[in-house]
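Q: Quick one: sequence and predicted model below, then my questions.
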Amino acid sequence: MAAKGIKCVKGVRDIFPPEIDIWKFIENIWEETFSLYGFKEIRVPIFEYTNLFQRGIGESTDIVEKEMYTFTDKSGNSITLRPEGTASVVRAYVEHNLNKESPFNKFYYIGPMFRYERPQKGRYRQFYQIGVEVFDDNSPEIEVETLEMVNFALKKLGFSKYELNVNSIGCPECRPNFIKILKEKLNENKEKLCDDCKRRIDTNPLRVLDCKKESCKTVINEMPKITEYLCEDCKKHHLRLLKLLKGRKINYVENPLLVRGLDYYVRTTFEVVVENLGAQNAILGGGRYDGLVKELGGPDISGFGFALGLDRMVIALNENIKNSFQKNPDFYLAYFGENVIDYSFSILEKFREKGISVYTNFKGRSFKSHLRLANRLNSKFVILIGEDEVKNNKIIVKNMKEGTQREIKFDDLNSFLDEISKEN
Ligand code: HAM
């Protein structure tokens, strides 16, 4: 007996039709786009040894400090449900020496991620990402090509109002100097900051710049800008990126506060935000992570990528596009009487062989109750099969809207179905 009243875990969701078609639509557009830009799919496990994320994402990030789903397995290993995909893809790249044949690789992945965050609109504890990672190309050009790809797919998805924010957070050469100055300035204003930010001054001062609390924002706006502290190489990289973006007519906003929540980034970081999502307005984010392959035991090979939040993209997608998915099969088959089931099955098969989807229900309904169900399912046509139709090798097709019906001989069925296929 099923236990009564069991609900799904807080912060996770069931996705039903027709919404699932929107998910597939988005996935398909991205997958088609990825293939145009030379990305290949990679599938990595949804759980890993915990130390991968501790080392990859950074001990003092919110994700590692308080958002990971970590447990001990039956052998005593500490295991974590992946909070993001980059660390796993890099782990796979290093573990399987993918650089040996050619270090240059372009991967994409689609799947669930897990973060113990406070649930709200657009923020879930199991959410889905579509992400890409490029290895062994440290140029601003690959960044521009990737951002152009983002534009390409977002336009295909019907997004018109979105903003690409870009920043550079420097490298291990220049960032420590900026952090030193930032820390000093933050300490001078410590009393005005929230408790989290007070703590972050010592653990992860860059993250203070990302705080959304109004009181902190006033302090943050007065802080020095990281882009003014870049070393020559980082500055050159950043200016080249901006120049190329302009040249390719990719609109962007420079946002010196965009530091992102993962420690592996160097130089370029970026995010795409939309208006209609409320507080969780970032639908996509990413950047460069040149030291990560080495940090995880591989050679010194650069990395660059992004991930988009599929849940958020579904919410943000234009309503007109969403409404176009409210579709059931046009045809419903209603059968009634003795010995009609074999014939009905053969008719259903004929429709499906021609690629036309069709419903039926086998609960032994009367014609009337079949028609009621067909109505509820919004079927445009009902195929009627009774003993007379079986005896005379025909079917009746009833147009539900017009109330008209048409008789089709079994021998003429193929040409009838071809006619319908053409119309659809
Ligand atoms: P991220 O910014 O943490 O980056 O996540 C990417 C996207 O996932 C966000 O922009 C957002 O749309 C979505 N997302 C994040 N958390 C949630 C949540 N709790 N609920 C719903 N959606 C969420 C990364 O994960 C990096 N691995 C991206 C990357 C790839 N950087 C380089 N390569």
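A: Sure thing, it's come through.
Q: What helix or strand is the nearest residue to residue 354 once chain neighbours are set aside located in?
A: Of all residues not flanking residue 354 in the chain, residue 417 sits nearest, at 4.3 Å (CB to CB, 6 or more residues apart in numbering). C-betas here are computed from N, CA, C, even on glycine. Assigning secondary structure by DSSP states H and E places residue 417 in helix 413-423.
Q: in that helix, what counts as buried?
A: Using 16 or more other CB atoms under 10 Å as the test for burial, helix 413-423 gives 413, 416-417, 420.
Q: ok, residue 223 touching residue 182?
A: Yes - under the criterion of CB atoms under 8 Å, residue 223 makes contact with residue 182 at 6.2 Å.
Q: list the residues that contact both of the two?
A: The contact sets of residue 223 and residue 182 overlap at residue 209 (CB atoms under 8 Å, 6 or more residues apart in numbering).
Q: that older thread, contacting residues around the residue nearest to residue 354?
A: Counted by CB under 8 Å, 6+ apart, residue 417 has contacts 350-351, 354, 356.
Q: out of the buried residues of helix 413-423, who's near the ligand?
A: Taking CB under 6 Å from any ligand atom as the test, the ligand is in contact with none of these.
Q: so which of those would you say is closest to the ligand?
A: residue 420 (40.9 Å; CB to the nearest ligand atom).
Q: In this structure the closest one contacts residue 358, no?
A: No - the criterion here is CB under 8 Å, and residue 420 misses it with residue 358 at 10.6 Å.
Q: ok, then the element right after the helix or strand harbouring residue 396?
A: Secondary structure from DSSP H and E places residue 396 in strand 394-399. Counting by DSSP H and E, the next helix or strand C-terminal to strand 394-399 is strand 405-409.
Q: Packing partners of that next one?
A: strand 394-399 (3 or more CB pairs under 8 Å, 6 or more residues apart in numbering; DSSP states H and E).
Q: Which secondary structure elements does the helix or strand hosting residue 28 sit against?
A: Per DSSP H and E, residue 28 falls inside helix 19-36. Contacts defined by 3+ CB pairs under 8 Å, 6+ apart place helix 19-36 against strand 105-114, strand 126-135, helix 140-156, helix 310-316, helix 319-323.
Q: can we see that at 10 Å?
A: strand 40-41, strand 105-114, strand 126-135, helix 140-156, helix 310-316, helix 319-323 (3 or more CB pairs under 10 Å, 6 or more residues apart in numbering; DSSP states H and E).
Q: So for the ligand, which of those sits nearest?
A: Here strand 126-135 is closest among these (CB to the nearest ligand atom), at 3.4 Å.
Q: What pLDDT does the model give the residue of the chain found nearest the ligand?
A: The minimum distance from the chain to the ligand, using CB to the nearest ligand atom, falls at residue 309 (2.3 Å). Here the pLDDT value assigned to residue 309 is 98.
Q: Now for it, how many residues are close by?
A: Number of residues near residue 309 (other CB atoms under 10 Å) recorded here: 23.
Q: Quick one: residues contacting residue 249.
A: 148, 151 (CB atoms under 10 Å, 6 or more residues apart in numbering).
Q: Look up how far residue 276 lies from it.
A: From residue 249 across to residue 276, the span is 25 Å (CB to CB, to the nearest Å).
Q: One more: residue 311?
A: Residue 311 is 14 Å from residue 276, by CB to CB.
Q: which one of these two has more residues nearby?
A: Taking other CB under 10 Å, residue 311 and residue 276 do not tie; residue 311 has more neighbours (22 against 11).
Q: hang on, residue 288 packs against residue 167?
A: No - Residue 288 is not in contact with residue 167 according to CB atoms under 10 Å; the separation is 11.1 Å.
Q: okay, and the common contacts of these two?
A: 265, 267-270.
Q: Between those, which sits nearest residue 211?
A: Residue 211 has its nearest neighbour among these in residue 269, at 16.4 Å by CB to CB.
Q: Could you report the neighbour count for that closest one?
A: 23.
Q: Dig out what it forms beta bridges with.
A: For residue 269, the beta-bridge partners are residue 167, residue 287 (DSSP bridges).
Q: thinking it is in contact with residue 287, fair?
A: Yes - contact between residue 269 and residue 287 holds when scored by CB under 10 Å: they sit 3.7 Å apart.
Q: list the residues that contact both of the two?
A: 166-169, 258-260, 262, 306.
Q: Within range of the ligand, give me the residues from the stretch 151-300 of the chain.
A: Within the stretch 151-300 of the chain, the positions adjacent to the ligand are 261-262, 282-287, 289 by CB under 6 Å from any ligand atom.
Q: Let's see that with 8 Å instead.
A: 260-262, 264-265, 271-272, 280, 282-289 (CB under 8 Å from any ligand atom).
Q: Give me the subset of those residues that lies in strands.
A: Among those, DSSP state E puts 271-272, 282-288 in strands.
Q: Tabulate the residues you listed (JSON lines), appending neighbour count and pLDDT.
A: Putting these into JSON lines (neighbours: other CB atoms under 10 Å; pLDDT from 0 to 100) gives the following:
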{"residue": "271", "neighbour count": "21", "pLDDT": "98"}
{"residue": "272", "neighbour count": "23", "pLDDT": "98"}
{"residue": "282", "neighbour count": "18", "pLDDT": "96"}
{"residue": "283", "neighbour count": "25", "pLDDT": "97"}
{"residue": "284", "neighbour count": "23", "pLDDT": "98"}
{"residue": "285", "neighbour count": "21", "pLDDT": "98"}
{"residue": "286", "neighbour count": "26", "pLDDT": "98"}
{"residue": "287", "neighbour count": "26", "pLDDT": "98"}
{"residue": "288", "neighbour count": "27", "pLDDT": "98"}
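Q: Next, the angle strand 126-135 makes with the helix holding residue 28.
A: 0 degrees (axes from the mean of the first three to the mean of the last three CA atoms, to 10 degrees).
Q: Need the per-residue pLDDT for residue 190.
A: You'll see residue 190 listed with a pLDDT of 93.
Q: can you count the residues close to it?
A: With other CB under 10 Å as criterion, residue 190 counts 11.
Q: Angles on the backbone of it, please.
A: Here is the backbone geometry of residue 190 (degrees, to the nearest 10): phi -50, psi -40.
Q: circling back: quick check: buried residues in the strand holding residue 396?
A: 394-398.
Q: Quick one: the residues you listed as CSV, columns for distance to the ligand too.
A: Listed next are the buried residues of strand 394-399 as CSV, based on distance: CB to the nearest ligand atom, whole Å:
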residue, distance to the ligand
394, 54
395, 48
396, 50
397, 46
398, 45
